[in-house]
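> sequence first, predicted model second:
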Amino acid sequence: MNIVAVIPARYSATRFPGKLMQMLGKKPIIRHVYDNTVATGLFTDVFVVTDNDLIYKEINGNGGQAIMSKKEHDSGSDRIAEAVAEMNVDVIVNVQGDEPFIKKEPLEKLVRLFNDPDVQVASLMRKISKEDVGNPNNVKVVTDRSGYALYFSRSIIPYQRDEKTEVRYFLHIGVYAYKKNMLMNFTKWPQSSLEKIEKLEQLRYLENGVKIKMTETDYNNIAIDTPEDLEKAKLFL
């Protein structure tokens, strides 16, 4: 299979504008993401897809591959779909541009899922504590017995009605992989009602009857959503 990684890199993030060009150590966040994705050795090619000249020049100017978006997009998936539309690829892995410490283990688990021809879309999850589950920025996922997502939510799912019942909570890590034809279909569907309510694009797949295969990882991702997150990342680095 021809598998590529694409990193959507929108400059004007709502909570932390320009965050991908913030310095983390000796290079910007987006360069950490790109370099770490390349270093996994899992992909035929790795691309950054952006709407911003600064990001474009940062990647291309340091030996990487960046593609400039031709128009505005509502989601990272839409941005990626435009970039790969004419590429001869089988599977696309969407690596989030704000996760500078991405590593091989979770991406490899994701790629392996496509050895099953029935898998069309896949993503990652990890266990989180009851203390973390109440944060709406932590997107939760529940799955069926085969590991396919039943629902994603910013609310607490499942709700523990009986204190005696053991509950395992899973955080959705927003790294996706999709077969190209399924990604292109995604861009043709209008935003779904639940997607608009929760502001979670993955719900568009579920509302259109497409299963998302989940795989569990121990990868403790640090996503840079706020200036406070950047300070945590600097300490981690």
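Happy to help now that I have it.
> the lengthiest strand in the chain packs against which elements?
Determined from DSSP state E, the single longest strand within the chain is strand 169-179. Here strand 169-179 touches strand 91-94, helix 104-112, strand 121-128, strand 140-143, going by 3 or more CB pairs under 8 Å, 6 or more residues apart in numbering; DSSP states H and E. (Glycine included, C-beta is placed from N, CA and C.)
> domains for this structure, by residue range?
Structural domains assigned to the chain are 1-102, 119-172+189-219, following automatic domain parsing.
> just the endpoints, please. Distance across the shortest one?
Using CA to CA, to the nearest Å, the span of domain 119-172+189-219 from its first residue to its last is 22 Å.
> go ahead and confirm residue 6 touches residue 95.
Yes - counting by CB atoms under 8 Å, residue 6 touches residue 95, with 7.3 Å between them.
> okay, those two: which has more neighbours?
In this view residue 6 and residue 95 are compared by other CB atoms under 10 Å, and residue 6 has more residues nearby, 29 against 25.
> could you pull up the residues touching the more buried one?
46-49, 80, 83-84, 92-95 (CB atoms under 8 Å, 6 or more residues apart in numbering).
> ok, for residue 180, nearest residue in space, not its chain neighbours?
Nearest residue to residue 180, sequence neighbours excluded (CB to CB, 6 or more residues apart in numbering): residue 89, at 5.6 Å.
> would you map the helices across the chain?
Using DSSP state H, the helices of the chain run over 29-39, 53-60, 76-84, 104-112, 180-188, 193-198, 202-207, 227-236.
> what separation do you get for residue 135 and residue 154?
9 Å (CB to CB, to the nearest Å).
> picking up where we left off before, can you put the helices and strands packed on strand 169-179 in TSV and add mean neighbour count and distance to residue 11?
Shown next, in TSV, are the helices and strands packed on strand 169-179 (neighbours: other CB atoms under 10 Å; distance: least, CB to CB, whole Å):
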stretch	mean neighbour count	distance to residue 11
strand 91-94	24	18
helix 104-112	18	24
strand 121-128	20	25
strand 140-143	20	28
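> next, format the ones you listed as a markdown table and append mean pLDDT and distance to residue 23.
Shown next, in a markdown table, are those (pLDDT from 0 to 100; distance: least, CB to CB, whole Å):
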| stretch | mean pLDDT | distance to residue 23 |
| --- | --- | --- |
| strand 91-94 | 96 | 25 |
| helix 104-112 | 96 | 25 |
| strand 121-128 | 96 | 27 |
| strand 140-143 | 98 | 32 |
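> tell me where the model's unsure across the protein.
14, 73-74 (pLDDT under 70).
> relative to helix 76-84, how tilted is the longest strand of the chain?
Computed by axes from the mean of the first three to the mean of the last three CA atoms, to 10 degrees, the angle separating strand 169-179 from helix 76-84 equals 20 degrees.
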